[in-house]
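Engineer: Would you be able to build a 3D model of this:
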Amino acid sequence: MGKQTRYSPEVRERAVRLVAEHTGEYSSQWAAICSIAAKIGCTGETLRNWVLQAQRDQGLKPGLTSDERKRLKELERENRELRRANEILRKASAFFAQAELDRRPR
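Structural biologist: Numbers count the residues shown, from 1 in each chain. Model (predicted):
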């Protein structure tokens, strides 16, 4: 059910590496990103995001690494499932408690 990725991890890694290797040949990192993105067939913003994430993964920029992001997503999904289960159990408990009260002789 996850998002379909159009670019393989190898293409992403190569694009990020090209940006790192060729930034000095351009007036800015953004200029390098735009040039390389056009050759790969993605948008400049997409490649910029890949570069930023690679820098986070290498500890060069603050933020969550890819592994931390993946783990956080898993924990959030698990948390949602547990909240749903707790809500179901709470409602079932209330239902059966009410049924027990209704059944008692008066």
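Engineer: State the number of residues packed around residue 44.
Structural biologist: Residue 44 sits with 16 neighbouring residues when counted by other CB atoms under 10 Å. Every residue, glycine included, has its C-beta placed from N, CA and C.
Engineer: can you tell me which residues contact it?
Structural biologist: Shown in contact with residue 44 (CB atoms under 8 Å, 6 or more residues apart in numbering): 30, 33, 34, 37.
Engineer: Tell me the secondary structure at the residue nearest the centre of the chain.
Structural biologist: Note on the chain: the residue nearest the mean C-alpha position is residue 69, at 5.4 Å, using CA atoms, centre = their mean. Secondary structure for residue 69, judged by DSSP: H, G, I helix; E, B strand; the rest coil, is helix.
Engineer: So residue 31: helix, strand or coil?
Structural biologist: Put simply, residue 31 is helix when judged by three-state DSSP.
Engineer: ditto for residue 19
Structural biologist: helix.
Engineer: who's in contact with it?
Structural biologist: 29, 32, 33, 36, 47, 51.
Engineer: Name the member of the residues you listed with the most neighbours.
Structural biologist: residue 33 leads the contacts of residue 19 on contacts (other CB under 10 Å) with 27 neighbours.
Engineer: on that earlier part again, what's the per-residue pLDDT of the residue nearest to the centre of the chain here?
Structural biologist: Here the pLDDT value assigned to residue 69 is 95.
Engineer: which residues of the protein score low on pLDDT?
Structural biologist: Residue ranges of the chain with pLDDT under 70: 1-5, 104-106.
Engineer: related to what we said a few turns ago, of the contacts of residue 44, keep whichever come out buried.
Structural biologist: For the contacts of residue 44, a neighbour count by 16 or more other CB atoms under 10 Å gives the buried set as 33, 34, 37.
Engineer: What strand or helix carries the last one?
Structural biologist: Which is residue 37. For residue 37, the host element (DSSP states H and E) is helix 29-40.
Engineer: Before I go, just wanted to say thanks for your time.
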